[in-house]
Structure formats: structure tokens, C-alpha cells
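Colleague: Let's see this in three dimensions:
(chains A and B)
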Protein chains: 2
Amino acid sequence: MSGLTFRTNHQVRSHECDIQGEMTIPSLINEMVHVSGVQSAALGNTEESMLEKGLSWIIIQYHMDIKRIPKKDERIMFETEALSYNRFFTYRVFRAFDTSDNLLVEVMTTFSIMDMESRKMTRIDKAIVAPYQAEEIRSLLRQPKIQPVDEDNQLTMPYRVRYLDIDANKHVNNSKYFDWIINTVDMAFMLEHRITAITIKYEKEVEFGNMIDSSLSMTEESNGQIVTAHQIKNGDVVACVANITWEKR
Amino acid sequence: MSGLTFRTNHQVRSHECDIQGEMTIPSLINEMVHVSGVQSAALGNTEESMLEKGLSWIIIQYHMDIKRIPKKDERIMFETEALSYNRFFTYRVFRAFDTSDNLLVEVMTTFSIMDMESRKMTRIDKAIVAPYQAEEIRSLLRQPKIQPVDEDNQLTMPYRVRYLDIDANKHVNNSKYFDWIINTVDMAFMLEHRITAITIKYEKEVEFGNMIDSSLSMTEESNGQIVTAHQIKNGDVVACVANITWEKR
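Modeller: Residues are numbered from 1 along each chain as shown, chains lettered A, B, ... in the order given. Just a heads-up that it's a prediction; the model follows:
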């Protein structure tokens, strides 16, 4: 039913944490994706070998369930597992555990493979995914539906895409979208609430020098949970949409 | 002549690198400072034990010599050593080596201890520095003099201090000043030049929500080296000054 599992340990650094001493979402995502890179390299799929074929892994969607966010200095264990793939997508789960094996965070991820020249998705090459021993499936795995931003009641902040937002993969690091999303949330709200879930969908890449707008609107659900809807627009083009579920601390 | 040495290993992550696949200055500084935190914790000086005394280490100045910047996936060894201290400052060196023990980067750092309530420097408490076995000295160790920005020929970019710029120490992470400095340099120039040295001096903290200006001016030395002078201003207050020396790739 699923593929090879790979594990690494990590001690949370001060610079990976926010003012509350909790690991930031961008840092968490970066370290998790790093773990899959280490697994891929161990299986012979280095980023370089992908680039030689003119291909690159891209992340289409994340769905994160957060039981408890790791804290500064905490020792955690990351686990990743290639679950399945179909014609255009591969599905991978990332998990973080504390030292007592309690699940802290679980992230379902949809990857695809991009042709670097056309900048378009290609069909999944079975030779590339074979080493992960994931199951071939015909269906699409659906992530939770993302509620759109209420444009009549939105708060918007502008951001410029900076030189250091681009990483060694030569495109804007996917964690930077979380920076733009989270930095738009009111600080007092952040201090009083914790994130329990995030769903994010990447629609279109942004590029160095773009001026982007990060918008959010907020709704309170009948169960008392608060959901923020987020949208990152590059001019008229939607680059990314997300929902975050919050609970009171 | 100097104190205890502490070493850790690190493999450079993709997200720690820029578009050229080279470790960014903010990532390098963050990992190095993390190493001194690990050493401090091993010696019983956790950040928490400092905070209980109402104190916090602050970084006053860095001088970095860069022989070769670490690359993506490279395995490097960090070394740190508490060298000496006087009434108000402690001096620490950080070094990065490749797997063949070649020195890649050396960073001389001036720390002081801040009283968290008054937000002012305190005298160095010998009980705090004793475990590092550094030498007590009477003199001040001078770092290279920083050339000021030529305000008649400066380029300036505005930045907003964001929520995620603040780390678990409850102030703006010192690496963020490098973000504001480096992201102001022209991208084409960055792609054609490499950094050989940086001197940075922190003058005054910036805070969440501040709108700061990062300015630079550029001069070509008689030996062909290019030096950029940098200044970060928060309104009329100079928060930080720096010089970067560049050579053609």
C-alpha cells in the first residue's frame, strides 16, 4: 500500500522559531522537504540527476495537521514515505514525532514533475518513482477543499519577491509563500491562537522582482474554530491559495 | 590564550542556499550561532538560565572572511571558540571547514550581555563566562573600520519588519539584517561577484512593524576589489552599518 519510509533526527534551532519559541511553518516545511531530498539522494535521484533530464520536482499542495508544534531545542524525528502515484502526481507524507513517539505534525503532500524548459508538468516517469516503491494508482487523491478569500472583507499586504527568496532549485522556495501568508496575520491574533491545520495549493510560480499581494479574510465556524482564507496574487494572477484553521491558546 | 573549542557537523540544505547553490550569509550565520548555543547549553548556560537572570547575549559585531562559501549538499564542520573577554565584551570565533579540513569561512564576533529590562549592556559577569575558559583581557579587540555609505550616491530599498523576523529570543534575528542588506544589492551584480569579506556592526535594535531603509553605495578600490557600504536606518536612527568586499567570479 505504500513505499519506503525514511527517518532523520533534528534538534529545533532558535532561529527556526518564532517569538513564542515554536518552530515556524516555513522552517518546518524546509526541514521536512530536506528529508525527502536526503531520501531521494540515497535512492539515486539527486536533484542534479533530475536537472540533467531537464526535470524538477515541484510541490503542488500541502495539507498539514498540527497536533503540537515543535518547540525550541526540542529533539524531533522526521519521517517521510512515498505513498502512491498516478499519471501526473506523486503523494508523500511527512511526519514529525517527539522523543516519546507522539505524532506532532502530519503533512500530506502532492508533488509533480516539471519540465524545466516548458515550465509545465510532465507525466510521471515510472523509472524515476520506482526506487521509492510507492503504489501506482489510477485515482487522484483529494485534499480538503480550500475556501476562497472573501474579497469584500479582506486585508492585504504587499511583498516584493527578493533575491534570497530564490533557492538552489532556481525558483522561489515554497516556504516563502508561508512567510507571506503568516506575516500578513495580525500579531495580536497570532499570540492568542495556535494553528491546527493548513491546506495550501500552489497555482502559479512567482518570480524575482514581482510585487505580490497577500490577502486574508477570517471566518468563525459554528464549532468555535477560526478559519483564515489566504490568497497570493501576482498582479491579476492567483499564485497560491490557502486555508489555516486556528484554535484559541 | 583562548578558551574551549566546540565542533559540530552540518550538511548544507537546498533551502539554505541561493540561486547559485551557495549557502546564504543569513543561513551561515544562523547555523554558526546555533553552534555556540549548543556549546553554551552543554556548559550550563542555556538561554533560559540567562533569561532567568534577566539577561540575554547580544551580538554587537561580526567580521567574516570568506575563502569559499559552502555549497548545497556539502558536508561541513563548524568550530567555535570563546577567545577572550573584557569588562563589556566577549570575543568568539566561528570557523567552517570542508571535509578535507580546509578553512572555508572565519567569523570574529563581538558579543555583549544585555539587561532585558533596561535594554542596555551590562558588565560581563565572570560567573557566566568562566565555563568557556576564555582569557580575561583589558583591551578592546578592534574589528576593521566600517566605511560609511556615500549618501549622495546611494541606492535605498524599504523593508517592513515582519512577525517571522523575530525569533525565540524575542528580538529580530540578527541574520535578518543580512537579508535586508543582501536583498538590496543588484541581482546581476550578485551573479557576477562573490563575497570575500563582511564587517557588520549592530547599533540599535529594530522592532516588529518598523519600516526600515536599507541603503548601499559602491566603490572600486585601487586593487580592483569592490566594496559596498551598507546602512540600515529606522527613521533617522542608524540600526546597523556594514561593508562587503566583493571579487569578480
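
Colleague: Give the buried residues for stretch A:173-190.
Modeller: A:173-185, A:190 (16 or more other CB atoms under 10 Å in any protein chain shown). Every C-beta, even on glycine, is put in place using the N, C-alpha and C of the backbone.

Colleague: and of the residues you listed, the nearest to B:K204?
Modeller: A:N183 (22.5 Å; CB to CB).

Colleague: if I read this right, that closest one contacts B:L164, doesn't it?
Modeller: Yes - counting by CB atoms under 8 Å, B:L164 is a contact partner of A:N183 at 5.7 Å.

Colleague: Which entries in the buried residues of stretch A:173-190 are shared with the contacts of chain B?
Modeller: A:173, A:175, A:179, A:182-183, A:185, A:190 (CB under 8 Å from any CB of the partner chain).

Colleague: Report the buried residues of the helix or strand bottoming out on mean pLDDT in chain A.
Modeller: Ranked by mean pLDDT, DSSP states H and E, the weakest helix or strand in chain A is helix A:47-52, scoring a mean of 84. Within helix A:47-52, the residues that count as buried by 16+ other CB under 10 Å are A:47, A:50.

Colleague: Kindly format the C-alpha coordinates of the biggest helix by length in chain A as PDB.
Modeller: Ranked by residue count and defined by DSSP state H, the top helix of chain A is helix A:25-42. Presented in PDB, the C-alpha positions along helix A:25-42 are these (Å, rounded to 0.1, in the frame of the first residue of the first chain):
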ATOM      1  CA  ILE A  25       5.800  26.800   9.500                       C
ATOM      2  CA  PRO A  26       8.400  27.800   6.900                       C
ATOM      3  CA  SER A  27      11.200  26.200   8.900                       C
ATOM      4  CA  LEU A  28       9.200  23.100   9.500                       C
ATOM      5  CA  ILE A  29       8.400  22.700   5.800                       C
ATOM      6  CA  ASN A  30      12.000  23.400   4.800                       C
ATOM      7  CA  GLU A  31      13.400  20.700   7.100                       C
ATOM      8  CA  MET A  32      10.700  18.200   6.100                       C
ATOM      9  CA  VAL A  33      11.300  18.700   2.400                       C
ATOM     10  CA  HIS A  34      15.100  18.400   3.100                       C
ATOM     11  CA  VAL A  35      14.400  14.900   4.500                       C
ATOM     12  CA  SER A  36      12.800  13.800   1.300                       C
ATOM     13  CA  GLY A  37      15.800  15.200  -0.600                       C
ATOM     14  CA  VAL A  38      18.100  13.100   1.500                       C
ATOM     15  CA  GLN A  39      15.900  10.000   0.800                       C
ATOM     16  CA  SER A  40      15.900  10.800  -2.900                       C
ATOM     17  CA  ALA A  41      19.700  11.200  -3.000                       C
ATOM     18  CA  ALA A  42      20.100   7.900  -1.100                       C
END
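
Colleague: what helices or strands is that helix leaning on?
Modeller: strand A:5-11, helix A:47-52, strand A:55-66, strand A:75-85, strand A:90-97, strand A:103-115, helix A:175-182 (3 or more CB pairs under 8 Å, 6 or more residues apart in numbering or on different chains; DSSP states H and E).

Colleague: what comes up buried for that helix?
Modeller: Buried residues in helix A:25-42 (16+ other CB under 10 Å): A:25-40.

Colleague: quick one: which of the residues you listed is nearest to A:M211?
Modeller: Nearest to A:M211 among these, with distances taken as CB to CB, is A:P26, at 20.3 Å.

Colleague: circling back to that earlier point, need the least confident one among the helices and strands packed on helix A:25-42, by mean pLDDT.
Modeller: Out of these, helix A:47-52 stands lowest, with a mean of 84 (criterion: mean pLDDT).

Colleague: Which other helices and strands does that one contact?
Modeller: helix A:25-42, strand A:55-66.

Colleague: which other residues reach the shortest one?
Modeller: Same thing as strand A:55-66. A:25, A:29, A:33, A:47, A:50, A:89, A:104-116, A:121-122, A:125, A:128, A:143-144, A:169, A:174, A:194-202 (CB atoms under 8 Å, 6 or more residues apart in numbering or on different chains).

Colleague: Show me which residues of chain A sit near chain B.
Modeller: So far as CB under 8 Å from any CB goes, chain A lies against chain B at A:13-15, A:17-21, A:24, A:26, A:30-31, A:33-34, A:37, A:41, A:47, A:72-73, A:162-164, A:166-170, A:173, A:175, A:179, A:182-183, A:185, A:187, A:190, A:208-209.

Colleague: bridging residues for the spatially most central residue of chain A?
Modeller: Geometric centre of chain A, nearest residue: A:Y62, 4.7 Å, by CA atoms, centre = their mean. Legend: beta-bridge partners of A:Y62 under DSSP bridges are A:T109, A:I200.

Colleague: coming back round to it: just the buried subset of the contacts of strand A:55-66, please.
Modeller: Looks like those have A:25, A:29, A:33, A:47, A:50, A:89, A:104-114, A:116, A:122, A:128, A:143, A:169, A:174, A:194-202 buried, using 16+ other CB under 10 Å.

Colleague: A:R138: helix or strand, and which one exactly?
Modeller: When elements are assigned from DSSP states H and E, A:R138 belongs to no helix and no strand.

Colleague: Can you spell out the domain ranges of chain A, please?
Modeller: A:5-136, A:151-248 (automatic domain parsing).

Colleague: Put together CSV for these, with distance to B:S215 on each row.
Modeller: Listed next are the domains of chain A as CSV, based on distance: least, CB to CB, whole Å:
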stretch, distance to B:S215
domain A:5-136, 25
domain A:151-248, 16
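
Colleague: Give the closest residue to A:P70 in space, chain neighbours not counted.
Modeller: Spatial nearest neighbour of A:P70, excluding adjacent residues (CB to CB, 6 or more residues apart in numbering or on different chains): A:M23 at 4.5 Å.

Colleague: got it, and A:C17?
Modeller: Using CB to CB, 6+ apart, the closest residue to A:C17 is B:A168 (3.9 Å).

Colleague: looking at it, the one you found is touching A:T24, isn't it?
Modeller: No - contact criterion CB under 8 Å: B:A168 and A:T24 do not qualify, at 9.9 Å.

Colleague: which neighbours do those two share?
Modeller: A:17-18.

Colleague: For stretch A:212-225, the averaged confidence score.
Modeller: 93.

Colleague: Quick one: residues in contact with that stretch.
Modeller: Here stretch A:212-225 has contacts from A:147, A:149-151, A:153-161, A:180-181, A:183-185, A:196, A:206, A:226-234, A:239, A:245-248, using CB under 8 Å, 6+ apart.

Colleague: Filter those down to the buried ones.
Modeller: Buried among the contacts of stretch A:212-225 (16+ other CB under 10 Å): A:147, A:149, A:154, A:159, A:161, A:180-181, A:183-185, A:196, A:206, A:226, A:228-234, A:239, A:245-246.
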